[in-house]
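Peer 1: I would like the atomic coordinates for the input below:
(2 chains)
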There are 2 protein chains.
Amino acid sequence: MNIDEQKLFLERAEEDRPVLIQKVYYPKGEVVAQASPADFQGWRLDPAIETVPYDSRRWNTDGVFILDFGEHIVGHFQFSILAEGVVDAPVRLRLIFGEVPSEVCEPLEPYHGSLSRAWLQDETFNVLPPETRSISRRMAFRYVKLEIIAPSKSFHVRFADISCLATTSARWDRLIAYRGPDEFKAMDGICVRTLANCEQEVFEDGPKRDRRLWLSDVRLQAMADEVTFKNDSLVRRCLYLLAAFAPEDELMPSDAYIYPKPGTGACTVLDISLLFAPTLLDYAKRTGDWQTARELWPTAKRQIDLVGSRHVDARGLFVDPGNYWVFVDWREGLHKEAAVQGIMIYVLGSLSELAVHLGTQNEIVGLAELRKKMVAGAIQHLKDPQTGLFVSGPDRQLSWASHVWLILGGVVTVQEGRDLLLRLRERNDVILPACLYLFHYVVEAMLKCDMQQEALDLLRKYWGGMVKAGASTFWEVYDPENHHLSPYNDHHLNSYCHALSCTPSYFIRKYFSAPTAGNDRGSKE
Amino acid sequence: MNIDEQKLFLERAEEDRPVLIQKVYYPKGEVVAQASPADFQGWRLDPAIETVPYDSRRWNTDGVFILDFGEHIVGHFQFSILAEGVVDAPVRLRLIFGEVPSEVCEPLEPYHGSLSRAWLQDETFNVLPPETRSISRRMAFRYVKLEIIAPSKSFHVRFADISCLATTSARWDRLIAYRGPDEFKAMDGICVRTLANCEQEVFEDGPKRDRRLWLSDVRLQAMADEVTFKNDSLVRRCLYLLAAFAPEDELMPSDAYIYPKPGTGACTVLDISLLFAPTLLDYAKRTGDWQTARELWPTAKRQIDLVGSRHVDARGLFVDPGNYWVFVDWREGLHKEAAVQGIMIYVLGSLSELAVHLGTQNEIVGLAELRKKMVAGAIQHLKDPQTGLFVSGPDRQLSWASHVWLILGGVVTVQEGRDLLLRLRERNDVILPACLYLFHYVVEAMLKCDMQQEALDLLRKYWGGMVKAGASTFWEVYDPENHHLSPYNDHHLNSYCHALSCTPSYFIRKYFSAPTAGNDRGSKE
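Peer 2: Got it, this is the predicted structure:
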């Protein structure tokens, strides 16, 4: 990459480094684990009926208790452990932090997850009371289980000042008030909490895991943030951080880190790199900051140039080169070429709109041609003449992914799109979306096609299902039929505060709410 | 207890609070565990033959390595963990600290020890490299095992600056040079290291476990310290701390704590409470500080008054009241009345000597009578007319404990004592000493009876056995026949740096060395 450009972009990102706002949270109360097949992952946490509150209780034999902070929070857990009697030995403690009940109700071992065991949030250490500790690792949790493993008969221990110094760069005092339907108020609250907890020094995908900036997630986070916290400078910061690692002759990586210094995980995901342009466009339109758009325009355009010049064939069809990670959705067996065809067309549209604002239309004459050619290619080669549905791959696979993206790309009219989506619902040979990331685009496609009721039904079914299952924040993975589904072979490893799932706020506030008053900001949080 | 007196004594103790001297130790090298039946507890740690040194090695899969600091040290372990690559996950670490190889070579679980599991020195936590950590708990160790449990494929970790900020209140720069026989130089060095590592803010019994001030241990530590570090103010501080918790109408406790504030574990051990007087006498004779002796005289005298007036019968014999812990030795089945008879007589002698110095002879007229009566009682009732050996209890038990203490008490002449000890060695119906605490007094009794060679042989056999077994510091428990012996049902729980075993320095330097030159102090440590 261009070193001068990288230096400039990292400086820009540094200028927007947010101040983290700290707030102390205290536990709302003690809870007890209750196996319950009807509840999410088979566990319920009931309020404890204890005559002695947890911070008055005295322990001198092994014991365990679970606290519920009432909300999902992200920060540094702290506590004091006091002693009465003669402290003739250290005390061994194990702390286990959970975003959802199963993490504090089930053993974490044996561990079979495909990502690092270190993501699970438990530590075992010894203290010599009285001692005040702050856990060095930032935790993301609602529940904490405290196991007192080895106290002594000679003294009692008691806990005091159990709390969490939580952080976020979201300004709760500036949160735009919710003015949508009552039915979706709870869902909106959970979205907002999810978003706030992912707004740290960057937009993290999830504050438990990966704690990483992903372009795919930032795109959705920025949408939800637009109608809630308006943390515009954080969006800008993330755009510059991502652009700083874009090579001159290759697709840009989809991820970035800031710790220990800005860098990238070099995960280049073809369909996600392409989304830099629409994310930049949305940001600039929302803020009027066309200066940033101008600086980042070459990066946005380069992604399309690279894919368009290398991976679109003479028929105007995207051809998967096979040496990229193409994501679109987690669903196994999904054929992705038609979906990427839609994404390309969609992004070419964003680029054209950017060019109009920036006066750079002369730079994209060829790309405007490319868009026409790809739209025509899609109609001619991907549309099944018999059914009128779009197909992908040699098996002529039918999927929601293909249709959603071709609709968002504007390959069909609103009426045609609506017709396609309604027909997909009638069939049982269509590859369904697997993850909430794609569900977001399904809703977006429905709204584009004036399918308000269908969009709301989808929110009710997927996000509403999580609300009913007791979510404090929205999850990375949600399958109503399989609560233990995990792309990482261990449901404890899933992130249960995952920003890509927070866009119901965007949909409800943007499409289904009363207009927002100018001074209608600030929350009791 | 008298509140004004307690306040005064605690103030005196506070005045002598030592400054802890800090020194950074670095690992001497990496070692590997080798099962070896011939070695202590079945383990040997061999120097690792690694092409890449531990602080250059890069880990990105689970791994483990053991470092040897070359010496037993007490302090705060610290390290940096660095990363190369993209730090896309935290790293989980387990650290296990060992005083002896078995602690880092064997699993610590399942745990069946009778004391708190928290005494074992292991912690498990997560770090996000690059990070520098200092372990909050003070550790006592020579070896540390670092287990890297869950690194990531995306980055390497590497350790740097592994070290320990060690503390002691012993002044190594003032250590009196060793001028004894070469044969015992190594043993002396181990004693000195043991003593230094137990000299912290008080004389601790063991820096791993109990980290507690015990009168029985202070007595022996003060002896060794007299001929090495001369940390007299620490002895004085400990005498005041112990005296501060002596009740007015009961025996004083044998232990004290300083953390979180001065207090006592209220372990009252009859034979140990009695030893306050000779410990005070030794301190005052060594330092000339008769002012302290005067302030603590009532406390010293009270212990004898209480036992003498309550638990000595008309025949002049000590009768175990049954409601006290009487220690003398760990050996099961030992009958202890004759030994305590000897201790009483010994302590009455110390008290008499103290009174001469303090001019308080008029206060102990009755006690001088008691001593005569107890000596006569011992000769008349405990000495077997047939064998001339001393017996204890209804079974007329023969033990080293009885003879040693009656000899130290001066019940027999030097020649008689020598004859008794030599005859004990010939018999196989004598209860042997079990712990190093009593072995100390065996050596002391031998030296009192001009049995220099026998005393040296005992040092060779017991302490020399530990030297051969690779001890870095001397142990709480050593049975040449059973390396796994533990009073606490788990050999990992034994203290392997235990001050009561450091008196060979006292014996060798005091009885078998060339005179020390006045300026012959300071060590390379």
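
Peer 1: show me the strands in the stretch 251-400 of chain A, by range?
Peer 2: A:255-256 (DSSP state E, counting those that start in this stretch).

Peer 1: up against chain B, what does it have?
Peer 2: A:257, A:259-260, A:263-266 (C-beta under 8 Å from any C-beta of the partner chain). Glycine gets a C-beta too; all of them are placed from N, C-alpha and C.

Peer 1: narrow the residues you listed to just the buried residues.
Peer 2: The neighbour count (16 or more other C-beta atoms under 10 Å in any protein chain shown) marks A:257, A:259, A:263-265 as buried among these.

Peer 1: least confident pick among these?
Peer 2: Within the set of these, pLDDT is lowest for A:G265 (86).

Peer 1: against A:M466, how distant is that one?
Peer 2: Using C-beta to C-beta, to the nearest Å, one obtains 28 Å as the distance from A:G265 to A:M466.

Peer 1: which stretches of chain A form strands?
Peer 2: Using DSSP state E, the strands of chain A run over A:21-25, A:29-35, A:43-47, A:63-85, A:91-98, A:122-127, A:131-134, A:139-148, A:155-168, A:213-214, A:255-256.

Peer 1: those strands into JSON lines, with extra columns for mean pLDDT, mean neighbour count and distance to B:A339?
Peer 2: Below are the strands of chain A laid out as JSON lines (pLDDT from 0 to 100; neighbours: other C-beta atoms under 10 Å in any protein chain shown; distance: least, C-beta to C-beta, whole Å):
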{"stretch": "strand A:21-25", "mean pLDDT": "96", "mean neighbour count": "13", "distance to B:A339": "59"}
{"stretch": "strand A:29-35", "mean pLDDT": "97", "mean neighbour count": "15", "distance to B:A339": "53"}
{"stretch": "strand A:43-47", "mean pLDDT": "97", "mean neighbour count": "17", "distance to B:A339": "59"}
{"stretch": "strand A:63-85", "mean pLDDT": "96", "mean neighbour count": "20", "distance to B:A339": "32"}
{"stretch": "strand A:91-98", "mean pLDDT": "97", "mean neighbour count": "22", "distance to B:A339": "37"}
{"stretch": "strand A:122-127", "mean pLDDT": "96", "mean neighbour count": "20", "distance to B:A339": "38"}
{"stretch": "strand A:131-134", "mean pLDDT": "95", "mean neighbour count": "14", "distance to B:A339": "41"}
{"stretch": "strand A:139-148", "mean pLDDT": "98", "mean neighbour count": "23", "distance to B:A339": "41"}
{"stretch": "strand A:155-168", "mean pLDDT": "96", "mean neighbour count": "19", "distance to B:A339": "32"}
{"stretch": "strand A:213-214", "mean pLDDT": "97", "mean neighbour count": "27", "distance to B:A339": "74"}
{"stretch": "strand A:255-256", "mean pLDDT": "96", "mean neighbour count": "27", "distance to B:A339": "74"}
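
Peer 1: what would those strands look like in TSV with distance to B:V144?
Peer 2: Shown next, in TSV, are the strands of chain A (distance: least, C-beta to C-beta, whole Å):
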stretch	distance to B:V144
strand A:21-25	35
strand A:29-35	36
strand A:43-47	38
strand A:63-85	25
strand A:91-98	18
strand A:122-127	15
strand A:131-134	22
strand A:139-148	25
strand A:155-168	27
strand A:213-214	36
strand A:255-256	36
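
Peer 1: tell me the contacts of the nearest residue to A:Q34 once chain neighbours are set aside?
Peer 2: Excluding its sequence neighbours, the residue lying closest to A:Q34 (C-beta to C-beta, 6 or more residues apart in numbering or on different chains) is A:R44, at 4.5 Å. Applying C-beta atoms under 8 Å, 6 or more residues apart in numbering or on different chains, we find A:R44 in contact with A:33-36, A:101.

Peer 1: and for A:K153?
Peer 2: Contacts of A:K153 (C-beta under 8 Å, 6+ apart): A:N60.

Peer 1: repeat for A:F203
Peer 2: A:213, A:217-218, A:221-222, A:234-235, A:238, A:499.

Peer 1: cutoff 6 Å now
Peer 2: Contact partners of A:F203, counting by C-beta atoms under 6 Å, 6 or more residues apart in numbering or on different chains, are A:218, A:221, A:238.

Peer 1: my guess is the first one meets A:C238, correct?
Peer 2: Yes - when contacts are counted by C-beta atoms under 6 Å, A:V218 is listed as touching A:C238 (4.9 Å).

Peer 1: of those two, who's got more company?
Peer 2: The neighbour comparison of A:V218 against A:C238 (other C-beta atoms under 10 Å in any protein chain shown) goes to A:V218, with 33 against 26.

Peer 1: now do the helices in the stretch 351-500 of chain A.
Peer 2: Secondary structure of the stretch 351-500 of chain A by DSSP state H, counting those that start in this stretch: the helices cover A:365-377, A:400-408, A:414-426, A:436-448, A:452-458, A:464-468.

Peer 1: CSV for those, including mean neighbour count?
Peer 2: Shown next, in CSV, are the helices of the stretch 351-500 of chain A (neighbours: other C-beta atoms under 10 Å in any protein chain shown):
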stretch, mean neighbour count
helix A:365-377, 17
helix A:400-408, 27
helix A:414-426, 15
helix A:436-448, 23
helix A:452-458, 17
helix A:464-468, 17
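
Peer 1: go through those and name the closest to B:R58.
Peer 2: Distance to B:R58, taken as C-beta to C-beta, is lowest for helix A:436-448 among these, at 34.6 Å.

Peer 1: how near is A:G417 to chain B?
Peer 2: 38 Å (C-beta to the nearest C-beta, to the nearest Å).

Peer 1: could you do A:L432 as well?
Peer 2: For A:L432, the distance to chain B - C-beta to the nearest C-beta - is 30 Å.

Peer 1: domain assignment for chain A?
Peer 2: A:29-168, A:172-511 (automatic domain parsing).

Peer 1: for B:T360, find the nearest of those.
Peer 2: domain A:29-168 (33.7 Å).

Peer 1: still on that earlier bit, now distance to B:W59 and mean pLDDT too, for the helices of the stretch 351-500 of chain A, in TSV please.
Peer 2: Below are those laid out as TSV (distance: least, C-beta to C-beta, whole Å; pLDDT from 0 to 100):
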stretch	distance to B:W59	mean pLDDT
helix A:365-377	47	97
helix A:400-408	39	98
helix A:414-426	49	97
helix A:436-448	33	97
helix A:452-458	46	97
helix A:464-468	38	97
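
Peer 1: redo those helices as a markdown table? Include distance to A:F203.
Peer 2: Formatted as a markdown table, the helices of the stretch 351-500 of chain A follow (distance: least, C-beta to C-beta, whole Å):
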| stretch | distance to A:F203 |
| --- | --- |
| helix A:365-377 | 28 |
| helix A:400-408 | 22 |
| helix A:414-426 | 30 |
| helix A:436-448 | 14 |
| helix A:452-458 | 24 |
| helix A:464-468 | 21 |
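
Peer 1: these: which one's closest to A:T387?
Peer 2: Across those, closest to A:T387 is helix A:414-426 (C-beta to C-beta), at 8.0 Å.

Peer 1: helix A:436-448 and the closest one, what's the angle between them?
Peer 2: 130 degrees (axes from the mean of the first three to the mean of the last three C-alpha atoms, to 10 degrees).
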